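> Requesting a structural model of the entry that follows:
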Amino acid sequence: MKEKIRIASGQGFWGDMVDAPFRQITEGPVDYLVMDYLAEVTMSILQKQKLRDPKLGYARDIPPLMERILPIVKDKGIKVITNGGGVNPYSCKDAIIEVAKKLGIKGLKIGIVIGDDILNRIDNLLDSGIELKNMETGESIRTVKDKILSANVYLGAGGVVEALQNGADIIMTGRVTDTGLTLAPMIYEFGWNFSDFNLMATGTVAGHILECGGQASGGNFLGDWKSVPELDKIGFPIAEAHPDGTVFITKHDGTGGIVNVATVSEQLVYEIGNPKDYITPDCIADFTSIQLEESGNNRVKVTGVKGQPATEFYKVSMSYLDGYSAFGSLTYCWPDALDKAQAAEEILRKRLDALGLTFDEIKSEFQGYNACHGPLANTPDDPSEIVLRIGVRSHDKKSVERFGMEIAPLILTGPPGVTGFAGGRPKPSEVVAYWPALIPKSAVKYEVEVFDL
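Numbering: from 1, shown residues only. Presented below is the predicted three-dimensional model:
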């Protein structure tokens with residue numbers, strides 16, 4: 001058993017800093033590189049890409065990244081774990097194998113974890129009495145079944161652990177939880193028992209701290225953000241884990257950003273709901289039990305985490321088509337910038353009403369005045385410029401199209417001092433709505449395969 005392992009966060013979402021994974025494996029010692037690419041809307045985007053091309057459906061940043069890092073991870077013995085396989089881990093695996101062949105790299109194993117995608121099983125699940133009811137409204141999935149784009153179960157750490165046990169050096173998964181990517185190496189390296197829920201909760205908390213990349217090391221920091229040094233070269237966080245469950249959060253020496261109790265605490269309260277019951281497939285973690293302590297420069301000790309047994313359900317993240325939307329904007333300048341923007345909005349709404357168009361929602365905001373904080377905004381008396389941004393949502397595509405035709409005419413038929421219209425008429429975009437549900441764990445089985453590069 002190793003005395004400790006260092007698990008480096010390489011991505012907080014698909015679109016995060018391209019150089020972060022490379023820097024994590026070259027600017028200091030690490031044993032694992034974990035990368036979280038998936039969000040709820042990402043799965044629907046990947047599913048639509050796969051429908052257009054069966055070879056797609058994964059994070060396409062991965063092959064060029066692997067071309068850059070494969071020689072280094074092989075030389076240093078670093079293992080790579082990511083859920084960037086999306087809805088097509090097989091094709092992602094094939095793309096990586098092609099990169100390895102191009103580089104002449106052999107002697108590595110790539111594992112995939114599948115079983116999360118239940119899109120093609122929904123009818124059978126309904127027939128078996130699993131209604132996949134919306135967790136917020138209680139509605140059955142039958143109400144939107146024909147509009148579903150993606151349906152993925154949040155799997156836990158088990159499949160990744162199995163892939164590591166089978167010798168995988170690089171692991172591509174579908175919708176494995178962000179926290180499970182980090183918990184799995186701890187279970188594997190330290191031989192932790194899945195029934196030791198305090199340890200499961202410890203690894204889960206560490207994963208939660210790493211999952212958003214630089215957000216735990218000074219990025220997007222609401223505290224004394226001006227004091228965070230060198231954000232231009234921010235170092236992503238690293239979890240140094242020990243067999244007894246002690247974890248230190250740190251970053252590479254010489255990198256920008258900061259790791260302290262404040263930055264770690266802020267990340268800990270990100271998207272958690274009830275802090276006493278942070279529910280994952282692997283355990284329920286009690287975030288109120290977490291003890292944080294400064295343990296040196298850019299080093300925070302995490303201890304005391306308590307956990308409870310996991311529930312009998314997995315969460316399912318589904319997306320479905322829910323109409324169309326379009327947004328347009330115009331910029332009005334001083335003097336009377338706000339009055340001009342408000343008058344333009346009133347004129348536009350009257351014109352849309354006169355046309356008898358059907359909208360589920362019309363939403364306006366005045367950027368530079370109240371877009372971020374609404375009625376709570378500390379607003380300027382006489383702003384030098386205001387951006388009117390207005391959008392509509394409807395199940396009637398033609399109404400949304402007609403809305404797009406009414407923005408540009410305001411330039412010559414509305415208030416003066418207007419600019420900033422670009423990109424042509426706003427076009428309808430599909431609205432992708434979110435449907436959270438629960439599914440019995442007994443109805444889902446993950447599968448693991450390992451291939452030689």
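
> all helices of the protein, in order?
20-26, 40-52, 62-76, 89-103, 122-127, 158-165, 178-190, 197-210, 261-268, 337-354, 397-404, 410-413 (DSSP state H).

> can you tell me which of these the model trusts least?
The stretch with the lowest mean pLDDT among those is helix 40-52, at a mean of 87.

> quick one, that one and helix 89-103 angle?
Between the axis of helix 40-52 and that of helix 89-103 there is an angle of 80 degrees, by axes from the mean of the first three to the mean of the last three C-alpha atoms, to 10 degrees.

> if we can go back for a sec, for my notes, please list the helices of the chain in a markdown table and give mean neighbour count and distance to M318 for each entry.
To be clear about C-beta, it is placed using only N, CA and C from the backbone, and glycine gets the same treatment. As requested, the helices of the chain are exported to a markdown table (neighbours: other C-beta atoms under 10 Å; distance: least, C-beta to C-beta, whole Å):
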| stretch | mean neighbour count | distance to M318 |
| --- | --- | --- |
| helix 20-26 | 21 | 29 |
| helix 40-52 | 19 | 9 |
| helix 62-76 | 18 | 24 |
| helix 89-103 | 19 | 19 |
| helix 122-127 | 13 | 9 |
| helix 158-165 | 22 | 20 |
| helix 178-190 | 26 | 18 |
| helix 197-210 | 27 | 23 |
| helix 261-268 | 19 | 27 |
| helix 337-354 | 18 | 32 |
| helix 397-404 | 19 | 23 |
| helix 410-413 | 14 | 39 |
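
> Quick one: list the elements packing against the helix or strand of the chain with the lowest mean pLDDT.
Lowest mean confidence among the helices and strands of the chain (mean pLDDT, DSSP states H and E): helix 40-52, at a mean of 87. Contact partners of helix 40-52 among helices and strands, from 3 or more C-beta pairs under 8 Å, 6 or more residues apart in numbering; DSSP states H and E: strand 148-153, strand 313-333, strand 429-440.

> Touching that helix from outside, list them.
The set of residues external to helix 40-52 that reach it, using C-beta atoms under 8 Å, 6 or more residues apart in numbering, is 13-14, 56-59, 86-88, 119, 149-150, 152, 175, 317, 319, 432, 434.

> Now list the buried members of those residues.
Among the contacts of helix 40-52, those classed as buried by 16 or more other C-beta atoms under 10 Å are 13-14, 56-59, 86-88, 149-150, 152, 175, 317, 319, 432.

> so which of these comes closest to A100?
Closest approach between those and A100, by C-beta to C-beta: Y58, at 16.1 Å.

> How many neighbouring residues does V316 have?
Neighbouring residues of V316 were enumerated by other C-beta atoms under 10 Å; the total is 24.

> check contacts around it.
With contacts defined as C-beta under 8 Å, 6+ apart, the neighbours of V316 are I118, L132, A151, N152, V153, Y154, P436, A437, L438, I439.

> For the residue nearest to I272 when sequence neighbours are not counted, give its distance to D286.
The shortest distance from I272 to any residue that is not its chain neighbour, by C-beta to C-beta, 6 or more residues apart in numbering, is 5.4 Å, and that residue is Y278. Computed with C-beta to C-beta, to the nearest Å, the distance linking Y278 and D286 is 7 Å.

> just I171 next, same as before
Counting by C-beta to C-beta, the separation of I171 from D286 is 29 Å.

> One more: T280?
12 Å.

> the more surrounded of the two?
Comparing T280 with D286 by other C-beta under 10 Å, the one with more neighbours is T280, at 26 against 21.

> right, and that one touches T179 too?
Yes: T280 is in contact with T179 according to C-beta atoms under 8 Å; the separation is 5.5 Å.

> beta partners of the residue nearest to I272?
Applying DSSP bridges to Y278 yields these beta-bridge partners: A285.

> quick one: contacts for it?
In this structure, Y278 makes contact with T204, H208, I272, I284, A285, D286, F287, judged by C-beta under 8 Å, 6+ apart.

> list residues touching both of T280 and T179?
T204.

> which residues touch Q367?
So Q367 contacts S329, I386, V387, L388, R389 (C-beta under 8 Å, 6+ apart).

> and the last one, how many residues sit next to it?
Around R389 sit 18 other residues, with neighbours defined as other C-beta under 10 Å.

> Could you do the second one as well?
Neighbouring residues of I386 were enumerated by other C-beta under 10 Å; the total is 26.

> could you check the distance from it over to L330?
Counting by C-beta to C-beta, the gap between I386 and L330 amounts to 9 Å.

> tell me, what's touching the two both at once?
Overlap of the contact sets of I386 and L330 (by C-beta under 8 Å, 6+ apart) consists of A341.

> Just give me how far stretch 386-403 sits from the chain centre.
Per C-alpha atoms, centre = their mean, to the nearest Å, the displacement of stretch 386-403 from the mean C-alpha position of its chain is 27 Å.

> residues in contact with it?
Counting by C-beta under 8 Å, 6+ apart, stretch 386-403 makes contact with 322-332, 337-338, 340-341, 344-345, 348, 352, 355, 357-369, 371, 407, 420, 426-428, 431, all of which sit outside it.
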